[in-house]
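Asks: model this:
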Amino acid sequence: RWELGTASFTGSPFLVNINDFNNGDFLRLYAATTGGCSTTTVQQQITKVSPPSFVIKTDKPLNAICQGETITITASNTSALSGTTTYSYYLGGVLIAQNNSSSISTNTISVDTEIRINVESSAGCNAEKTLTISVPELSSAGSITMSVTSNSLICEGTDPSEIIGDNRLTSRVASATSALATVTYQWFYQIDGGVFQPTGVGPAHTGENYDPGPLNQTTIFRRKAYARIGSSMCDEEFSNPIRMEVETQRNPEIKVGGIPITAITVCQDEDVTFTADGFVGTDSYTWYIGSSVVATQTVNFQVASGTFSSGDNLKLVIETASGCATETIVAVTVPPVPTLNLTSNAPVAHVICVDENITFSVDEIVGAQYFWSKYSTAVPTLNPLAGSPTMSNSITLSTNSFTDGDIITVTVSYTAGCSVTDSLTL
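Replies: Model prediction:
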């Protein structure tokens, strides 16, 4: 018969619950005869030993690593152990090490994996714990699209619509495989032919959506998604690209005689032909005087004399097929026509005698040049008078150079080559 603490049993083997006896109790085995006599044949004091107590710790925050990153896993004992302790390490159910070290380092974890540690004390008591090592990965980088699809082609300097990736329209947010992982973003841009660079720092550049702001060059945008747990930012992947094409800005020019101008002085009696330049292909081009349309799709635009008033603006607007418009303006000045009154100093109006001098004069115009000439019905060719042109508003000549019926003319050239003429008959 067996006795230990409060437990007893007749037969063999003797199985006892550890809670039925105390540390230091004696196990006794009694032998009994058929006559009922008994004697103690075996007596052994029993020592109760507690199993190891420990927790699993790692050197990574939230027990998260990137694929292939080294992590140190430790069985941190919460009770003192004596003698030789054996540690068995299992990754995903596979024994990878068994030794007397309470920690192990590995770089073989590439997916979320359970680590199991079995600790056996020198007394043969065992304890076992498990912990999951997380490896954040992206299951999808998501997708981005323009909130206004027509903004794929914009005018230079235009502020396009927002690029979205928050599940509106056809866009999608990125997602991670680990339930503990979060997704963060960074937006990148590329000028045609260049390399992708971050758009900047701060919330405006790290969200699901991005507002590019005004663009002057064709630009490609992408969003990079990162899977992270704590400070471990592991898997990363670019979204689809969004190309925003900036149409080349036109450089309209108004030319006269092949020379670009921004201002012109036009005489009242002058016809002027202006030439449009700077348009491409199917561009439309429109001429304005002031706010009024005066011609369309006309390369060489002729303006008749008397059309312009001083202070008018001649404008050329070039518009592309996508609606990008640029313009240039020519400021027009029309000098006022001075009043002329040609006369002479003859005692009787325009009646002369031979062998005398006669002076012709006209209203003075500051800075003008005076061209004097004569003709007649008999000789209709205009002949300059001696001493012409003059910078003064009068000329004195011998009467012997004239005949009855001569017509005296003066043409006054003033601002910008404009001129006015008057005449008298002798």
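
Asks: could you count how many residues lie near Asn99?
Replies: By other C-beta atoms under 10 Å, the residues close to Asn99 number 11. For the C-beta atoms, the positions are set from N, CA and C on the backbone; glycine is no exception.

Asks: distance of the closest residue to it other than its chain neighbours from Asp277?
Replies: In space, and not counting its chain neighbours, Asn99 is closest to Tyr87: 6.2 Å by C-beta to C-beta, 6 or more residues apart in numbering. Separation of Tyr87 from Asp277 (C-beta to C-beta, to the nearest Å): 86 Å.

Asks: same deal with Ser401?
Replies: As for Ser401, its distance to Asp277 is 52 Å (criterion: C-beta to C-beta).

Asks: neighbour-wise, which of those two wins?
Replies: Asp277 (16 against 11).

Asks: who is the more buried one paired with across the strands?
Replies: Taking DSSP bridges, one obtains Glu253 as the residues bridged to Asp277.

Asks: one more: Ala295?
Replies: With DSSP bridges as the rule, Ala295 is bridged to Trp287.

Asks: so it touches Thr286, yeah?
Replies: Yes: with contacts defined as C-beta atoms under 8 Å, Ala295 counts as touching Thr286 at a distance of 7.3 Å.

Asks: okay, now the sheet partners of the host helix or strand of Tyr226, with direction.
Replies: Taking DSSP states H and E as the definition, Tyr226 sits inside strand 219-229. As defined by DSSP bridges, the strand partners of strand 219-229 come to strand 182-191 (antiparallel), strand 232-238 (antiparallel), strand 242-247 (antiparallel).

Asks: which one of those has the lowest average pLDDT?
Replies: Lowest mean pLDDT within these: strand 232-238, at a mean of 87.

Asks: in that strand, what counts as buried?
Replies: Neighbour counts over strand 232-238 (16 or more other C-beta atoms under 10 Å) mark Ser232, Cys234, Asp235 as buried.

Asks: residues near Thr339, how many?
Replies: Neighbours of Thr339 (other C-beta under 10 Å): 9.

Asks: please apply the same query to Phe274.
Replies: 20.

Asks: so it touches Ile254, yeah?
Replies: Yes: at 5.4 Å, Phe274 and Ile254 qualify as touching, with contact defined as C-beta under 8 Å.

Asks: shared neighbours of the two, which are they?
Replies: By C-beta atoms under 8 Å, 6 or more residues apart in numbering, Phe274 and Ile254 have these common neighbours: Leu314, Leu316, Val330.

Asks: so how far is Tyr285 from the first one?
Replies: Leu314 sits at a distance of 13 Å from Tyr285 (criterion: C-beta to C-beta).

Asks: these two: who's more crowded?
Replies: When Leu314 and Tyr285 are compared on other C-beta under 10 Å, the one with more neighbours turns out to be Leu314, at 25 against 21.

Asks: tell me which element the residue nearest to the more buried one when sequence neighbours are not counted falls in.
Replies: Nearest residue to Leu314 in three dimensions, chain neighbours excluded: Val330, at 4.4 Å (C-beta to C-beta, 6+ apart). Remark: Val330 resides in strand 325-333, with elements defined by DSSP H and E.

Asks: same thing with Thr409?
Replies: Using DSSP H and E, Thr409 sits in strand 407-413.

Asks: could you export the helix or strand that that strand is followed by as PDB, CA atoms only?
Replies: As assigned by DSSP H and E, the chain's next helix or strand after strand 407-413 is strand 419-425. Provided in PDB are the C-alpha atoms of strand 419-425 (Å, rounded to 0.1, in the frame of the first residue of the first chain):
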ATOM      1  CA  SER A 419       2.400 114.200 -93.900                       C
ATOM      2  CA  VAL A 420      -0.200 116.700 -95.000                       C
ATOM      3  CA  THR A 421      -0.200 118.900 -98.200                       C
ATOM      4  CA  ASP A 422      -1.600 122.200 -99.200                       C
ATOM      5  CA  SER A 423      -1.300 124.200-102.400                       C
ATOM      6  CA  LEU A 424      -2.000 127.600-104.100                       C
ATOM      7  CA  THR A 425      -2.100 128.800-107.700                       C
END
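
Asks: look up phi and psi at Pro203.
Replies: phi -60, psi -30 (degrees, to the nearest 10).

Asks: actually, Ala204.
Replies: The phi/psi pair for Ala204 (degrees, to the nearest 10) is phi -70, psi -20.

Asks: do Glu356 as well
Replies: Residue torsions, per degrees, to the nearest 10, at Glu356 are phi -130, psi 170.

Asks: how many other residues sit next to it?
Replies: Neighbour number of Glu356 under other C-beta under 10 Å is 10.

Asks: what do you get for Lys315?
Replies: For Lys315, the count of nearby residues is 20 (other C-beta under 10 Å).

Asks: Asn313 too?
Replies: Neighbours of Asn313 (other C-beta under 10 Å): 14.

Asks: ditto for Thr396
Replies: By other C-beta under 10 Å, 11 other residues sit near Thr396.

Asks: again, but for the one 3 residues further on
Replies: Neighbourhood size, Thr399 [other C-beta under 10 Å]: 15.

Asks: mind checking how far the closest residue to Thr381 other than its chain neighbours is from Ser103?
Replies: Closest residue to Thr381 apart from its sequence neighbours, by C-beta to C-beta, 6+ apart: Tyr375 at 6.1 Å. Separation of Tyr375 from Ser103 (C-beta to C-beta): 121 Å.

Asks: and Asp312, what does it touch?
Replies: When contacts are counted by C-beta under 8 Å, 6+ apart, Asp312 touches Ile289, Gly290, Val332, Val334.

Asks: quick check: the second one touching Asn313?
Replies: Put plainly, it is Gly290. Yes: between Gly290 and Asn313 there is a contact under C-beta under 8 Å: 6.3 Å.
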